[in-house]
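Asks: Just to be clear, the model below is a prediction. Sequence and coordinates:
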Amino acid sequence: MADEQVAGAQSDAPDILVRVKAVDKVFKRGSEEVHVLGGLDLEIPRGEFLALMGPSGSGKSTLLNLIGGLDRPTEGQVEVGGQRIDKLSNRKLASWRARHVGLVFQFYNLMPVLTAQKNVELPLLLTPLSRSERKTHAVNALDIVGLANRNKHYPRQLSGGEQQRVGIARAIATDPTLLLCDEPTGDLDRKAGDEILDLLQALNREQGKTIIMVTHDIHAAARATRTLYLNKGQLTSEPIE
């Protein structure tokens, strides 16, 4: 009976996708050292929608970049899906990002000379997919974000909200393990921002995507399943006064 209880407790334990352990991040500005993160610990279960809030310069985007393998910690460990990404070589880390990370930016970062479909196909160029397979993935991703009929439009022909939808389609086209969003509604009006948040919630709830979103907007953070606040290099579950 005791063994059954232990087994039951283990099965109920959350599946931790991201583990950040005792992470320090120090930037150098000339002879000066700027300590952004200090001994930070974080666990993110698979399928969570986590919002990160905090004042400007608190290290939110730095933490996002560490989890996404865009930067490396000065000290400590970053583990995603059981793999220590901070120990990977630059080549292996780039390959890991292409398979596991989808990025959504505040200012969309779309190529103005490419159509929506071709913008979505860009990260797929780093995969072994054929040209026809890349097209199929891009069309499917645009359909998910509600832009199947705008695939031949250029960014200049799309509204800000539509451009961000293309950005999200690009991020999910590779079916990534993590969707990392840095102020995804920061350049949008409330209506367009709400539509983007609706989409992120749907990706989380209906497709089980693990989402980490940096935001200054309390309204946006309320859509997440959990909100953490970053200040002076540390995380807390309580709002910062």
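Replies: Yep, it's here.

Asks: Any stretches of this structure with poor pLDDT?
Replies: Counting by pLDDT under 70, the chain shows low-confidence ranges at 1-13, 240-241.

Asks: how about the helices of it, start to end?
Replies: Shown for the chain, the helices assigned by DSSP state H span residues 2-12, 60-67, 90-100, 116-121, 131-144, 160-172, 190-207, 218-221.

Asks: can you redo those as a markdown table with mean neighbour count and distance to R19?
Replies: In short, each C-beta sits where N, CA and C put it, glycine included. Converted to a markdown table, those look like this (neighbours: other C-beta atoms under 10 Å; distance: least, C-beta to C-beta, whole Å):
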| stretch | mean neighbour count | distance to R19 |
| --- | --- | --- |
| helix 2-12 | 8 | 17 |
| helix 60-67 | 23 | 10 |
| helix 90-100 | 14 | 15 |
| helix 116-121 | 24 | 31 |
| helix 131-144 | 17 | 29 |
| helix 160-172 | 24 | 23 |
| helix 190-207 | 16 | 20 |
| helix 218-221 | 17 | 23 |
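
Asks: Out of these, which is closest to C181?
Replies: If you check each of the helices of the chain against C181 by C-beta to C-beta, helix 190-207 wins as the nearest, at 6.9 Å.

Asks: hmm, who's touching the closest one?
Replies: With C-beta atoms under 8 Å, 6 or more residues apart in numbering as the test, helix 190-207 has contacts from 47, 49, 144-146, 159-161, 164-165, 168, 172, 179, 181, 184-185, 188, 209-211, 213, 217, 219-220, 223, 225.

Asks: Any idea how far it is from the middle of the chain?
Replies: For helix 190-207, the separation from the chain centroid amounts to 14 Å (computed by C-alpha atoms, centre = their mean, to the nearest Å).

Asks: Need the CA coordinates for that helix. PDB is fine.
Replies: Extracted in PDB, the C-alpha atoms of helix 190-207 (Å, rounded to 0.1, in the frame of the first residue of the first chain):
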ATOM      1  CA  ARG A 190      -5.800  47.300 -26.600                       C
ATOM      2  CA  LYS A 191      -8.100  45.600 -29.100                       C
ATOM      3  CA  ALA A 192      -5.300  44.200 -31.200                       C
ATOM      4  CA  GLY A 193      -3.400  43.300 -28.000                       C
ATOM      5  CA  ASP A 194      -6.400  41.400 -26.600                       C
ATOM      6  CA  GLU A 195      -6.600  39.400 -29.900                       C
ATOM      7  CA  ILE A 196      -3.000  38.400 -29.600                       C
ATOM      8  CA  LEU A 197      -3.500  37.400 -25.900                       C
ATOM      9  CA  ASP A 198      -6.600  35.400 -26.900                       C
ATOM     10  CA  LEU A 199      -4.400  33.600 -29.400                       C
ATOM     11  CA  LEU A 200      -1.600  32.900 -26.900                       C
ATOM     12  CA  GLN A 201      -4.100  31.500 -24.400                       C
ATOM     13  CA  ALA A 202      -5.600  29.200 -27.100                       C
ATOM     14  CA  LEU A 203      -2.100  27.900 -28.000                       C
ATOM     15  CA  ASN A 204      -1.500  27.200 -24.300                       C
ATOM     16  CA  ARG A 205      -4.900  25.600 -23.500                       C
ATOM     17  CA  GLU A 206      -5.700  23.800 -26.800                       C
ATOM     18  CA  GLN A 207      -2.200  22.900 -28.000                       C
END
